[in-house]
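[1] Need coordinates for the below:
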Amino acid sequence: MATEPIKILFFDTGNYSRSPAAEVMAKAIALRAGASHRFEFASAGMTDTHVGDEADPRTKLACDEMGYDLAGFRCTQADASIFAAYDQILAMDKNNLAALRLALRDGDRAEISLLDPDREIPDPYHGDQDAFRKVMDMIEHRVKEIVEGA
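    The predicted model follows:
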């Protein structure tokens, strides 16, 4: 009997730096693990600042160096439909989590939490390329745990 895939949305401020990386990493890791049929991954942001843009060039470079391809990715903004469309919404930091909790309505089914329950994933936007590499390593580690633990 086939089961429905777990639908996971990665969420951050602009869907520009962290959440795009989490999405492409999760898809690639699940594919390599032979588990892509068990998941549907997507990402979105809280603001419309980067809607339609490619991911941050520093994110793209760090992901390329790690073997993840962001070609074709375009930033999107979340709306209220995410709470019905996804099983889990994973926020990168406490500010993102607070925004999700404020928007959550009675009857919404999505479970919301931090991507990493032990720490926030810092926004590298104002940092250098090394900051992006460190954040991408954090995201990759946590995404591997999610895929392997499901």
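[2] which residues in this structure form helices?
    Ranges of helices in the chain, per DSSP state H, are 18-32, 57-66, 82-85, 94-103, 129-149.
[3] Of all those, which one comes closest to residue 45?
    helix 18-32 (6.5 Å; C-beta to C-beta). Any C-beta I mention is one placed from the backbone N, CA and C, and that applies to glycine too.
[4] Can I get that closest one in PDB? Just the C-alpha atoms.
    Only the C-alpha atoms of helix 18-32 are listed here, as PDB (Å, rounded to 0.1, in the frame of the first residue of the first chain):
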ATOM      1  CA  ARG A  18      18.800  29.600   3.700                       C
ATOM      2  CA  SER A  19      15.500  28.100   2.600                       C
ATOM      3  CA  PRO A  20      16.400  27.600  -1.000                       C
ATOM      4  CA  ALA A  21      19.500  25.700   0.100                       C
ATOM      5  CA  ALA A  22      17.500  23.500   2.400                       C
ATOM      6  CA  GLU A  23      15.100  22.700  -0.400                       C
ATOM      7  CA  VAL A  24      17.700  21.700  -3.000                       C
ATOM      8  CA  MET A  25      19.700  19.800  -0.400                       C
ATOM      9  CA  ALA A  26      16.700  17.900   0.900                       C
ATOM     10  CA  LYS A  27      15.700  16.900  -2.700                       C
ATOM     11  CA  ALA A  28      19.200  15.700  -3.600                       C
ATOM     12  CA  ILE A  29      19.800  13.900  -0.300                       C
ATOM     13  CA  ALA A  30      16.400  12.100  -0.500                       C
ATOM     14  CA  LEU A  31      17.100  11.100  -4.100                       C
ATOM     15  CA  ARG A  32      20.600   9.800  -3.200                       C
END
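[5] need the helices of the chain in a markdown table with distance to residue 6, can you?
    Formatted as a markdown table, these follow (distance: least, C-beta to C-beta, whole Å):
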| stretch | distance to residue 6 |
| --- | --- |
| helix 18-32 | 10 |
| helix 57-66 | 23 |
| helix 82-85 | 12 |
| helix 94-103 | 18 |
| helix 129-149 | 9 |
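[6] These into JSON lines, with extra columns for mean neighbour count?
    Shown next, in JSON lines, are the helices of the chain (neighbours: other C-beta atoms under 10 Å):
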{"stretch": "helix 18-32", "mean neighbour count": "24"}
{"stretch": "helix 57-66", "mean neighbour count": "18"}
{"stretch": "helix 82-85", "mean neighbour count": "16"}
{"stretch": "helix 94-103", "mean neighbour count": "15"}
{"stretch": "helix 129-149", "mean neighbour count": "18"}
